[in-house]
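Asker: how does the following fold in three dimensions:
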Amino acid sequence: MNRIIQYIFYSVILLQSALVIAQESNSVELHFQIYDEGICIPMSINYHHNSTKNQEKRLVFNTGFNLNRFYVSIKVKDSSDLKPNTNHKLKSSSLTLKSNLDYEIEILKYSNTDGKEEKKMNIKVSELKSDAQVIILLNKGEYKLNEMKHFKLIERNTSPDFKSKDRKAIKHTLKLDSTSYYANKKKKANFYIFPGTNNLYFTEEFDSINERKNAQGVRLIQPNHNNLVWSKQSVWADSDNTKCGYWDYFENDTLAKHELWASVIQERFEWYPEGQLKSESYFVRSNDELKHAYYLKNGAIKEIFTVDPTTKLSQIKTYAYSPDGTVVLINTYKSLNGIIKQGLIKRELFYPSGKLKMEENLGQRNYSIKYYNEDGTERNK
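Answerer: The predicted structure follows:
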């Protein structure tokens, strides 16, 4: 009898595992960017989407600048987990879909002036058999995903490439409202107003010294914008709260820095001139850093700053490497702001194999030092 029960138990486990594997193999990822008037619109996850799990239409993303609001919903006949996700580094969002089902993605834009629906776009997704990506140019009407201009199938579990070499960059279609100039008569900024608004501008800003240094993004400002304090600062300055959405910074026509703003900065990425990631930073609403990391050109970590969200304790780790690229030393420091190192609290030495050789904790009351063999066993000095 016990063997029969055990057999039934293991059969159920195997069946559940098979179903999980089948579900995973039956799922695909759809990655997408949304552009309105040629401007990339950042999306935030609607964390209440699970409350509508058993309804026909589920709101998965939403965002907005001032009173311009954008909503992304998806019509689905079952209650499968869509797993909405955002990747602000790629300016994209993603959904997990089942390859044997049909879906309809609905994108709504509400206008600033009267709060009425301005644009409604429906995209039909039919039996998507592979991971895919698409750039959505927001417009009225109904469309089929696989017939859209910027639709592309990609390999499973790979990152989308929205900057592929076979297409031209998307340019904005906004009307130039005005231009401001520096005292030396050089152009300071171009202001393009969003339709139906009187205080929302896409701006192209130029440095007063280096003409090859410029920035662009959305600002929420008043009509007499030529006299704003921010306009007296460098185009790289972040000490204001008029920025919205994505901001891109260029030097010699190469993207050098990328930020996400919502009155205060949310994320920042910087690159070396050759294109390698130089640093990444993440912030909380108070504008304090939550995490940052600096990288060498070969991709190795140079420094990382982290904050424990519970204890609020923060620290900076610095990494040193051998000529062959193997980490040999990690120093850990206390830091209140992620900039100033306020005391060494830990040292870690490593063998050429990468195994820990020595660990020294420099706490004033609980100092300790330990040495290790390459097999991980502890040894005397």
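Asker: show me the strands in the stretch 251-381 of the chain, by range?
Answerer: Taking DSSP state E, counting those that start in this stretch, the strands of the stretch 251-381 of the chain run over residues 254-262, 264-271, 277-283, 289-295, 301-307, 314-321, 327-334, 344-350, 356-361, 368-372, 378-379.
Asker: tell me which residues in the second one are buried?
Answerer: Going by neighbour count (16 or more other C-beta atoms under 10 Å), the buried part of strand 264-271 is 265, 266, 267, 268, 269, 270, 271. Yep, even glycine has a C-beta here, placed from its N, CA and C like the rest.
Asker: next, format the strands of the stretch 251-381 of the chain as CSV and append distance to residue 147 and mean pLDDT.
Answerer: Listed next are the strands of the stretch 251-381 of the chain as CSV, based on distance: least, C-beta to C-beta, whole Å; pLDDT from 0 to 100:
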stretch, distance to residue 147, mean pLDDT
strand 254-262, 31, 87
strand 264-271, 33, 87
strand 277-283, 35, 90
strand 289-295, 40, 86
strand 301-307, 44, 91
strand 314-321, 49, 94
strand 327-334, 50, 94
strand 344-350, 55, 94
strand 356-361, 56, 94
strand 368-372, 61, 93
strand 378-379, 64, 88
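Asker: those: which one's closest to residue 104?
Answerer: Judged by C-beta to C-beta, the one of the strands of the stretch 251-381 of the chain that comes nearest to residue 104 is strand 254-262, at 28.6 Å.
Asker: which parts of the closest one are buried?
Answerer: Those would be 256, 257, 258, 259, 260, 261, 262, for strand 254-262 by 16+ other C-beta under 10 Å.
Asker: please apply the same query to stretch 106-125.
Answerer: So for stretch 106-125, counting by 16+ other C-beta under 10 Å, buried means 107, 108, 109, 110, 111, 112, 118, 121, 122, 123, 125.
Asker: picking that back up, adding distance to residue 158, write the buried residues of strand 264-271 out as a markdown table.
Answerer: Output for the buried residues of strand 264-271, formatted as a markdown table (distance: C-beta to C-beta, whole Å):
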| residue | distance to residue 158 |
| --- | --- |
| 265 | 29 |
| 266 | 26 |
| 267 | 22 |
| 268 | 25 |
| 269 | 20 |
| 270 | 24 |
| 271 | 21 |
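Asker: how about those, which pair is most distant?
Answerer: Maximum pairwise distance among the buried residues of strand 264-271 (C-beta to C-beta): 18.2 Å, between 266 and 271.
Asker: show me the shaky parts of this protein.
Answerer: Where the chain drops to pLDDT under 70, the residues are 1-25, 52-54, 66, 79, 112-116, 164-167, 222-240, 285-289, 309-311, 364.
Asker: domain parsing for it?
Answerer: As given by automatic domain parsing, the domain ranges for the chain are 26-153, 176-287, 288-381.
Asker: the shortest one: how far from the chain's middle?
Answerer: For domain 288-381, the separation from the chain centroid amounts to 26 Å (computed by C-alpha atoms, centre = their mean, to the nearest Å).
Asker: that older thread, same list (the domains of the chain) but as JSON lines, adding distance to residue 162.
Answerer: Formatted as JSON lines, the domains of the chain follow (distance: least, C-beta to C-beta, whole Å):
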{"stretch": "domain 26-153", "distance to residue 162": "6"}
{"stretch": "domain 176-287", "distance to residue 162": "13"}
{"stretch": "domain 288-381", "distance to residue 162": "21"}
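Asker: related to what we said a few turns ago, export the strands of the stretch 251-381 of the chain as TSV, with columns for distance to residue 85.
Answerer: Converted to TSV, these look like this (distance: least, C-beta to C-beta, whole Å):
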stretch	distance to residue 85
strand 254-262	15
strand 264-271	15
strand 277-283	16
strand 289-295	18
strand 301-307	22
strand 314-321	27
strand 327-334	31
strand 344-350	34
strand 356-361	35
strand 368-372	40
strand 378-379	42
